[in-house]
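> please find the sequence and the predicted model below.
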2 protein chains.
Amino acid sequence: MAFLIARASAGIALAAASAFSMAQTPPAPLSATDSDPVKLGWMQGSPPPADKQVTFQNGGQFPQIRWTLQHMREIVPSRNVWRGSGAAFELPRAERDWSGFTFTDDRGQKVGIDAYAERSYTDAIVVLHKGRVVLERYWSGMTPNTPHAVFSVTKSLTGVLASQLIAEGKLDPNAKVSSYIPELAGTAWDDATVQQTLDMTAGVKFREDYADPTSEVMQYAMSSGLVPTPPTWTGPRDTITFLKTLKKEGEHGAGFSYKTVHSEIVGWLVHRVTGKPFSQNLSERIWTRMGAENDASINIDRLGFESMGSGFNATARDLARFGEMLRNDGQVGGIFSRQQLVSKAAVDMIRAGGDREKFKAGNQAARPGYSYRNQWWILHNADGAFEASGIHGQYVHVNPKAEVVIVRLGSTPTAGNGPLHGLHMRAFQAIADTVR
Amino acid sequence: MAFLIARASAGIALAAASAFSMAQTPPAPLSATDSDPVKLGWMQGSPPPADKQVTFQNGGQFPQIRWTLQHMREIVPSRNVWRGSGAAFELPRAERDWSGFTFTDDRGQKVGIDAYAERSYTDAIVVLHKGRVVLERYWSGMTPNTPHAVFSVTKSLTGVLASQLIAEGKLDPNAKVSSYIPELAGTAWDDATVQQTLDMTAGVKFREDYADPTSEVMQYAMSSGLVPTPPTWTGPRDTITFLKTLKKEGEHGAGFSYKTVHSEIVGWLVHRVTGKPFSQNLSERIWTRMGAENDASINIDRLGFESMGSGFNATARDLARFGEMLRNDGQVGGIFSRQQLVSKAAVDMIRAGGDREKFKAGNQAARPGYSYRNQWWILHNADGAFEASGIHGQYVHVNPKAEVVIVRLGSTPTAGNGPLHGLHMRAFQAIADTVR
């Protein structure tokens, strides 16, 4: 999802005093080391000096964004995802010495963890092998207890909830979306099915181009209250009102096209079918039962609509627990404490993948051979890997064959993961191959 | 503190369509039962219907406020007060049958818990005797895990942190505030001492009249981003800038006058002296060590300044744990797990009370014989009781002699506790006398 780049673009488009301009090539951004938010001193001091303040107005711009992604609830309203009051299940540890580890990157160079982290503006890496922590590192002031924005990884959590409701027979994948949400009559989702929406093959006139400020994703972000609106803004001021303005384009089911608004619809379906918001579903079904160490949170709009396409925040370790639960077919716990949080059928639905032919319509040059299924990216590689991915470098990558789960969180200067996706995939595969 | 009534007043003053007017006597408010936020359906549905929406704009008005106080982080930005990832210390239970309990209220009538709760718009009551739960009830949709706004109870938490820093020798009560915060030179706190600020005897031109929209407390609330500003607003847009505008009035140390801005200064001192915000101090020193069940939170302004005079949110049980820790001279835990979270010297400073003669200047008709010390109200009664109190009916009441801690949280139609304070004190004393 695009909101912070959209916000950054809004900042660029709107702020006459901006050092950048859409018409010019921006200067090369600061390196990860040089843009470290601790080093730059954002929001340090009581009060922080004027040139060290990060606010709703400037928080989406680089390099401020490197601070913002660890402090979302300080910028926008949010709702809690409670972990319960019991003790966390401690992740068993089997840490390895990674100092000699290298892999061949997408430029043909041998790099280790440090060089990979530096180039990709990494804030956290947590790797589990058979449920044990084999690698855990933090940068940029992040700690094991810092919730980090995960952007479109949110979609995949929403997709798990929806998949579970399908497995429980409470949500019919072949029903029309408007049969659950009648107020979507006349919109793009009037005659789109639940499955088409889950797989992002429903046709909707909506462009998600993070580098184009005229793209509808900007209107979405402004409507949702996630980015500042210009004084001239006359559009919607809440997510649902915006969603209801969107019209059909093309044929439903024809081809994949990545659009965050589908995920908001999926989340809305979860809320409508269960009578509970995402935050409560996720807490009751998963966060209170998987041994999470920290509450998570989700950004909300002015009317309390949860940003189920992009607004989740959690720690790297808890995201690893979530990934590990999926790797174990929806189960958590040891021999004597095993619990099924999500049914195997729901996980299997995701892992089966989507239509790889239809995926080709989606212009995902960085993801050749993939498909998209129930809000997850399926790699269709030899290891059966599937992953959640969010802008600015967020990943929850599950490699079933290697029994590995990799969480890596970052804060890249630009939103799209395309330029670095190949690097990440090489890193993830090399890590999996090292520990398998 | 006044922000929600200030907000309500702002709504009244600004909204031409308002049903009320400052010039007229407002109609009698709905009863507690009739204004129950669950019954009224605030924010129910996906999306909530237009007449059931609670937003930043209307959230301070009654009866919406009854919903708002359980959902502050959904309305304003906030910062987390982490409880840690260990198991909560369960509160031992010794519940009693309160169905036959009555006390004589301030109107001379015998009332029980239900009638008391109804008349005072109660959301939660938790009573500990010798650390055991003897009474725990919730109304208005509140649960044991719902954080509730506590308004000026916040001051007393800030006061405990400041008292502890004094006990540690890190904060000199006799030093001038401006010796720690030089940027307060020229303001009311230039030559006020830390102790005068803690005891609210420093002289500052600032009126805290929750019913008067021209009162400076309104400017404070608008500057802090806690209430909407009118389009014509040209004042400060952050707390610190507002605090720096305030001038001396009268003589420091002459008499008590309750002003929330002093508490913000105390909190600022805590931040300056420790280099850590209130949220981090409270988490590290207390919330992670007292067995809290839930994270707490504090509202922040646009620049991240924590609302240390009014913006804390916590569950009733965790507030009871906090009160119980103070009742035990700063200790928590059993024989084998005892920990000193706050020094006895710090608690003693508070319990010693302030100057009762100077207190008389404060126009606290509902609190005869009290004093105010280090941000706590001292009753100077036979039981040695002391308490924290916040508008709309928030109390953490510690009765050392009866070995009782009472937390009661509410959401009254108007802000000031004066009209119901006598009722609360009769209730608290009767409860203590029943279990002692």
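Good, I have the coordinates.
> show me the contacts for A:Val364.
In this structure residue A:364 is Gln, not Val. Counting by CB atoms under 8 Å, 6 or more residues apart in numbering or on different chains, A:Gln364 makes contact with A:Phe256, A:Tyr258, A:Tyr370. In this view, the C-beta of every residue, glycine as well, is placed from N, C-alpha and C.
> how much space between the nearest residue to A:Gln375 once chain neighbours are set aside and chain B?
Closest residue in space to A:Gln375, ignoring its immediate chain neighbours: A:Gly159 at 2.6 Å, by CB to CB, 6 or more residues apart in numbering or on different chains. Counting by CB to the nearest CB, to the nearest Å, the gap from A:Gly159 to chain B is 18 Å.
> where does chain A have its least confident helix or strand?
Within chain A, no helix or strand scores below helix A:3-14, which has a mean of 41 by mean pLDDT, DSSP states H and E.
> how far off centre is stretch A:349-359?
Stretch A:349-359 has its C-alpha centroid displaced from the chain centroid by 19 Å (CA atoms, centre = their mean, to the nearest Å).
> and the residue nearest to A:Gln375, which of the three is it?
At A:Gly159, secondary structure determined by DSSP: H, G, I helix; E, B strand; the rest coil is helix.
> cool, and the one 5 residues further on?
Under three-state DSSP, A:Gln164 falls in the helix class.
> C-terminal to the helix or strand containing A:Leu409, what's the next element?
Assessed by DSSP states H and E, A:Leu409 sits inside strand A:404-410. Moving toward the C-terminus from strand A:404-410, the next helix or strand (DSSP H and E) is helix A:418-435.
> these two touch, right, the residue nearest to A:Gln375 and A:Gly267?
No: the criterion here is CB atoms under 8 Å, and A:Gly159 misses it with A:Gly267 at 9.4 Å.
> looking at these two, which is more packed in?
A:Gly267 (30 against 26; other CB atoms under 10 Å in any protein chain shown).
> ok, and the closest non-adjacent residue to A:His424?
Per CB to CB, 6+ apart, closest to A:His424 is A:Tyr395, 6.2 Å.
> ok, A:Ala117 next?
A:Ala117's closest residue in space is A:Trp139 (CB to CB, 6+ apart), at 6.2 Å.
> for the stretch 151-300 of chain A, what lies in contact range of chain B?
Counting by CB under 8 Å from any CB of the partner chain, the stretch 151-300 of chain A comes close to chain B at A:Asp238, A:Ile240, A:Trp268, A:His271, A:Arg272, A:Pro277, A:Glu293, A:Asn294, A:Asp295, A:Ile300.
> which ones are touching the first one?
For A:Asp238, the set of contacting residues under the criterion of CB under 8 Å, 6+ apart consists of A:Ser223, A:Ser224, A:Gly225, A:Asp301, A:Arg302, A:Leu303, A:Phe305, B:Pro47.
> alpha carbons only: can I get the strand holding A:Leu409 in PDB?
The C-alpha coordinates for strand A:404-410 follow below in PDB (Å, rounded to 0.1, in the frame of the first residue of the first chain):
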ATOM      1  CA  VAL A 404      12.100 -21.400   7.700                       C
ATOM      2  CA  VAL A 405      10.200 -18.200   8.400                       C
ATOM      3  CA  ILE A 406      11.800 -14.800   7.600                       C
ATOM      4  CA  VAL A 407      10.500 -11.500   8.800                       C
ATOM      5  CA  ARG A 408      12.400  -8.400   7.600                       C
ATOM      6  CA  LEU A 409      11.200  -4.900   8.100                       C
ATOM      7  CA  GLY A 410      12.600  -1.800   6.600                       C
END
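> that strand to helix A:418-435, inter-axis angle?
Counting by axes from the mean of the first three to the mean of the last three CA atoms, to 10 degrees, strand A:404-410 lies at 140 degrees to helix A:418-435.
> tell me what strand A:404-410 is packed against?
Here strand A:404-410 touches strand A:122-129, helix A:316-327, strand A:394-399, helix A:418-435, going by 3 or more CB pairs under 8 Å, 6 or more residues apart in numbering or on different chains; DSSP states H and E.
> buried ones in stretch A:367-377, by neighbour count?
In terms of neighbour count (16 or more other CB atoms under 10 Å in any protein chain shown), stretch A:367-377 has its buried residues at A:Arg367, A:Tyr370, A:Ser371, A:Tyr372, A:Arg373, A:Asn374, A:Gln375, A:Trp376, A:Trp377.
> which residues touch that stretch?
A:155-156, A:158-160, A:162-163, A:198-200, A:256, A:258, A:263, A:266, A:349-350, A:352-356, A:358-359, A:362, A:364, A:378-381, A:386-389, A:421.
> and it, how far out from the chain's middle?
The answer for stretch A:367-377 is 14 Å, by CA atoms, centre = their mean.
> how long is it end to end?
9 Å (CA to CA, to the nearest Å).
> go on, stretch A:360-370?
9 Å.
> isn't A:Tyr395 right up against A:Leu420?
No: under the criterion of CB under 8 Å, A:Tyr395 makes no contact with A:Leu420, lying 10.3 Å away.
> the two: who's more crowded?
Set side by side, A:Tyr395 and A:Leu420 show more neighbours around A:Tyr395, with 25 against 20, by other CB under 10 Å.
> quick one, what contacts the more buried one?
Contacts of A:Tyr395 by CB under 8 Å, 6+ apart are A:Val153, A:Glu387, A:Ala388, A:Ser389, A:Ile406, A:Val407, A:Arg408, A:Leu409, A:His424, A:Phe428.
> remind me which residues of chain A are low pLDDT?
Applying pLDDT under 70 to chain A flags residues A:1-26.
> as CSV, the residues of the stretch 151-300 of chain A next to chain B with secondary structure would be great.
Output for these, formatted as CSV (three-state DSSP):
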residue, secondary structure
A:Asp238, coil
A:Ile240, helix
A:Trp268, helix
A:His271, helix
A:Arg272, helix
A:Pro277, coil
A:Glu293, coil
A:Asn294, coil
A:Asp295, coil
A:Ile300, strand
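> can you redo the residues you listed as CSV with distance to B:Asp318?
CSV is the format used below for these (distance: CB to CB, whole Å):
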residue, distance to B:Asp318
A:Asp238, 33
A:Ile240, 34
A:Trp268, 33
A:His271, 29
A:Arg272, 33
A:Pro277, 24
A:Glu293, 18
A:Asn294, 16
A:Asp295, 14
A:Ile300, 24
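> which one of the residues you listed sits closest to A:Pro400?
A:Glu293 (24.3 Å; CB to CB).
> the closest one contacts A:Leu319, doesn't it?
No: if you go by CB under 8 Å, A:Glu293 and A:Leu319 don't touch, sitting 11.0 Å apart.
> more neighbours: those two, which one.
A:Leu319 (28 against 20).
> tell me the contacts of the more buried one?
A:Val126, A:Val150, A:Val153, A:Val396, A:Val407, A:Leu409.
> how close does the third one sit to A:His129?
Same thing as A:Val153. Distance of A:Val153 to A:His129, given as CB to CB, to the nearest Å: 21 Å.
> tell me which of those two has more neighbours.
A:Val153 (27 against 21).
> check contacts around that one.
Going by CB under 8 Å, 6+ apart, the list of residues near A:Val153 reads A:Phe312, A:Leu319, A:Ala388, A:Ser389, A:Gly390, A:Gln394, A:Tyr395, A:Val396.
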